[in-house]
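S.K.: got a sequence here, can you model it:
(chains A and B)
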Number of protein chains: 2
Amino acid sequence: MPDIDPWGDVEIGNYKDKMENFGISPISEVEDRMPDNLLIRRGIIFGHRGMKEFTDAREDSEDVAMMTGIMPSGVFHFGHKSVVDQILMYQEMGADITVAAADIEAYNTRDIGFEKSRELVLEEYLKNYVALGLDLDKTDFYFQSEGGNKYHTRSKQFAKHLTQNEVESTYGSAAPGKITSALTQYADILRPQFPERGGPKQTVVPVGVDQDPHIRLTREVARKFRDLEFKKPASTYNKFMRGLQGGKMSSSDPKSYIALTDDVEDAKKKIDQAKTGGQDSLEEHREKGADVSEDMVFELLAFHLIEDDQELERIRQEYSSGEMLSGELKQIAKEKLEEFLLEHQEEREEAEAEIQQFLDENDQRI
Amino acid sequence: MPDIDPWGDVEIGNYKDKMENFGISPISEVEDRMPDNLLIRRGIIFGHRGMKEFTDAREDSEDVAMMTGIMPSGVFHFGHKSVVDQILMYQEMGADITVAAADIEAYNTRDIGFEKSRELVLEEYLKNYVALGLDLDKTDFYFQSEGGNKYHTRSKQFAKHLTQNEVESTYGSAAPGKITSALTQYADILRPQFPERGGPKQTVVPVGVDQDPHIRLTREVARKFRDLEFKKPASTYNKFMRGLQGGKMSSSDPKSYIALTDDVEDAKKKIDQAKTGGQDSLEEHREKGADVSEDMVFELLAFHLIEDDQELERIRQEYSSGEMLSGELKQIAKEKLEEFLLEHQEEREEAEAEIQQFLDENDQRI
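M.R.: Numbers count the residues shown, from 1 in each chain, chains lettered A, B, ... in the order given. Down below sits the predicted model:
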């Protein structure tokens, strides 16, 4: 078995080990050349491969691109929101944005049919992406099943440049369903560089470490392919927010996450029930303070609800010193969350019309 | 290694053994329900799988289809002509004809680029097909690289229904290039049954025994696939004409074949140099007669140049009795060949305009 299975359900615990094993460099190497964004300031994006070349190109005013995929695996929750935050960061940097709805991969690796994929992608994912700020007019959004002849054909041509050994040592098997899904993903990642989309350019793919095998083999294919020129894609690696009860956030366990479409009162209840780093008794808490690193409510604030570093730092100090109680922290989180959700749910309504218009106008292309 | 490698270059010697091993039935089972065609009368088509169901459907006036592929591997010679003769037989039977130009397979398994494929397919293959009688207006002709979103997507979905073990035991490896080529071929074979082409129908694929692995796995995929209904494709198996010098007819050895575009005088010279079943001396020949089964000129007459069974039988008797000499047989063959080639080369000129018109009209679809 490979160290990392991109189709598995494995929690990636020790980021540092993985970084060393796979030649991922710390994001600090390029931090001062990236936008001032909480994702980077707070170490949510912690590693990269190839971002020096990406930032060089951007500073030389070359076209750059960012690519990400949507795997339609349930409701859209705060764990997914970090992906969109990253899209928005690159959108602001002026990168071409490509968003692939991975319906072929969902079919082959998760037994999700195309209709179900389409419904989930549009209703749960794309609507939230647009509500959060994705500019569809400047985005190449498509379903893999509708990617076009050149896209599909190239994904098949890439097969020629991979051996069975490479596939097996990377993915643990050469099952046809896995190979096909992987090849389709390579075409997604290289699509911003297709001649029809302006040709070779530095492209970044933000991923979790579990998706790194795809990045490595795409870089290999980009290097070997002779029919078109491709620059090797860059990647960044982000931490995953933990579930509200600690442990993994999982789409199959609604108590582990807050969906962006959750009813506000339900969402607040989930905050009330979340695992905190507070001590068992008031006395002990006042004395020892909270263990912020084990507090899921603080994690939610840090990942999503508090943009201002000073404000977050003040809370961290008060909470870890014992001055602030878990109940008080939860109260802050519930207020921030309510504000966020109410505004987001309004934005979702506006997003709906925008998406419909986009789909109507792009009907020919698809 | 598997018994049969569809991408290999193996001469299939013992048809009977292969038939038994792979559950191929003798064509005699359905001979009286097939057209009166020399391909069947002379045992060129010798086996089948699933043709009872195909002929049942045809007799019940259901839609039936015939699918074949073009692998662009050099000039079009008499060895290839049997494929076209089979297309024409099914065209006369009223079957829908599908012809896939296998440019993705040529790229992945033979290192032939798309441009070269296109040039060979149109100039060497399709022009000869049309000159021989293929009716393009009633044919679904396409390049794999231009097969469309649904075609490519379905080829990828088929991957889900195959295990690595099945692929390895059938093809000897699970190399990504082979898997991708095979899946694309399954989509070619099932394409006549796509909803866009009228839905499920009995479909026959005439092949050489070397291509049987694709047929077996396509039948398996057709059985397992749930998103669309497919009838399991039928197949027929044809002998390959031997090379003019005996042994395998090979595109890489121009002395082994006569191309349909050969200059008439060059072609006649190849007949002069062909291996015959005649005896070494005139005396011996008059006494023992020719060994017709080892005569490549007689094989050419039987496969392609003499339609009339009585005429062929008369020649066979005279030649095997020693009454007719090899030189006399060659003279007959040269006259028939000259007549055929001159007429064919005229037909080719007319075919050119027809193909151009077809490509222009189908530009939107492709």
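
S.K.: near chain B, which residues of chain A?
M.R.: Along chain A, the residues adjacent to chain B under the rule CB under 8 Å from any CB of the partner chain are A:104, A:107-108, A:113-114, A:144-150, A:152-153, A:156-160, A:162-164, A:167, A:173-177, A:179-181, A:183-184, A:227. Yep, even glycine has a C-beta here, placed from its N, CA and C like the rest.

S.K.: list buried residues within these.
M.R.: A:104, A:107-108, A:114, A:144-150, A:152-153, A:156-160, A:162, A:164, A:167, A:173-177, A:179-181, A:183-184 (16 or more other CB atoms under 10 Å in any protein chain shown).

S.K.: show me the residues you listed that map onto strands.
M.R.: With strands identified by DSSP state E, none of the entries of these belong to them.

S.K.: let's see which of those residues end up in helices.
M.R.: Among those, the members falling in helices (DSSP state H) are A:104, A:107-108, A:114, A:149-150, A:152-153, A:156-158, A:164, A:167, A:176-177, A:179-181, A:183-184.

S.K.: OK, contacts around the residue in the stretch 51-200 of chain A positioned nearest to chain B?
M.R.: Going by CB to the nearest CB, chain B is nearest to A:His152 of the stretch 51-200 of chain A, at 3.4 Å. Applying CB atoms under 8 Å, 6 or more residues apart in numbering or on different chains, one finds that A:His152 lies in contact with A:Thr184, A:Ala187, B:Asn149, B:His152, B:Thr153, B:Lys156.

S.K.: could you rerun that using 10 Å?
M.R.: Remark: with contacts taken as CB atoms under 10 Å, 6 or more residues apart in numbering or on different chains, A:His152 is in contact with A:104, A:144-146, A:183-184, A:187, B:104, B:144-145, B:147-149, B:151-153, B:155-156, B:184.

S.K.: now A:Leu359
M.R.: A:Leu359 sits in contact with A:Leu122, A:Leu126, A:Leu136, A:Phe141, A:Ile366, where contact means CB under 10 Å, 6+ apart.

S.K.: mind checking the SS state of the closest residue to A:His48 other than its chain neighbours?
M.R.: Taking CB to CB, 6 or more residues apart in numbering or on different chains as the measure, A:His48 lies nearest to A:Thr236, with 4.7 Å between them; neighbours along the chain are not counted. Assigned state for A:Thr236: strand (three-state reduction, DSSP: H, G, I helix; E, B strand; the rest coil).

S.K.: also the one 5 residues further on?
M.R.: Here A:Met241 is recorded as coil under three-state DSSP.

S.K.: surely it and A:Arg42 touch.
M.R.: No: the pair A:Met241 and A:Arg42 fails to qualify as a contact (CB atoms under 10 Å) at a distance of 11.3 Å.

S.K.: looking at these two, which has the bigger crowd around it?
M.R.: Between A:Met241 and A:Arg42, counting by other CB atoms under 10 Å in any protein chain shown, A:Met241 is the more crowded of the two (21 against 14).

S.K.: tell me the contacts of the more buried one?
M.R.: Contact criterion CB under 10 Å, 6+ apart gives A:44, A:77-82, A:249, A:257, A:296, A:299-300, A:302-304 as the residues in contact with A:Met241.

S.K.: repeat that for 7 Å
M.R.: If a contact means CB atoms under 7 Å, 6 or more residues apart in numbering or on different chains, then A:Met241 has A:Phe78, A:Gly79, A:Ser82, A:Met249, A:Glu299, A:Phe303 as its contacts.

S.K.: thinking again about what came up before, state the pLDDT value of the residue of the stretch 51-200 of chain A closest to chain B.
M.R.: Per-residue confidence at A:His152 stands at 98 (pLDDT).

S.K.: cool, A:Asn238 as well?
M.R.: You'll see A:Asn238 listed with a pLDDT of 94.

S.K.: likewise A:Gln345?
M.R.: As predicted, A:Gln345 sits at a pLDDT of 95.

S.K.: can you check A:Pro206 too?
M.R.: On the pLDDT scale, A:Pro206 is placed at 98.

S.K.: which residue packs closest to it, ignoring adjacent ones?
M.R.: What sits nearest to A:Pro206 in space, not counting adjacent residues and going by CB to CB, 6+ apart, is A:Gln86, at 4.4 Å.

S.K.: what helix or strand is that neighbour on?
M.R.: Under the criterion of DSSP states H and E, A:Gln86 resides in helix A:78-92.

S.K.: show me the contact partners of that helix.
M.R.: A:35, A:37, A:39, A:44, A:66, A:68, A:97, A:129, A:132-135, A:204, A:206, A:238, A:240-241, A:249, A:257-258, A:260, A:300, A:303-304.

S.K.: give the buried residues for it.
M.R.: Using 16+ other CB under 10 Å as the burial criterion, the residues of helix A:78-92 that qualify are A:78-91.

S.K.: let me know the angle separating that helix from strand A:234-238.
M.R.: What separates the directions of helix A:78-92 and strand A:234-238 is an angle of 140 degrees, with axes from the mean of the first three to the mean of the last three CA atoms, to 10 degrees.

S.K.: return the distance of helix A:78-92 from the chain's centre.
M.R.: The gap between the average C-alpha position of helix A:78-92 and the chain average comes to 7 Å, counting by CA atoms, centre = their mean, to the nearest Å.

S.K.: over to stretch A:89-104?
M.R.: When distances are taken as CA atoms, centre = their mean, stretch A:89-104 is centred 11 Å away from the chain's centroid.

S.K.: now the terminal residues of that stretch, how far apart.
M.R.: 28 Å (CA to CA, to the nearest Å).

S.K.: and A:Val99, bridged to which residues?
M.R.: When assigned by DSSP bridges, A:Val99 has beta-bridge partners A:Thr68, A:Phe141.

S.K.: tell me how many other residues crowd it.
M.R.: Burial of A:Val99 is recorded as 23 neighbouring residues (other CB under 10 Å).

S.K.: for it, give its distance to A:Asp188.
M.R.: Using CB to CB, to the nearest Å, we find A:Val99 at a distance of 9 Å from A:Asp188.
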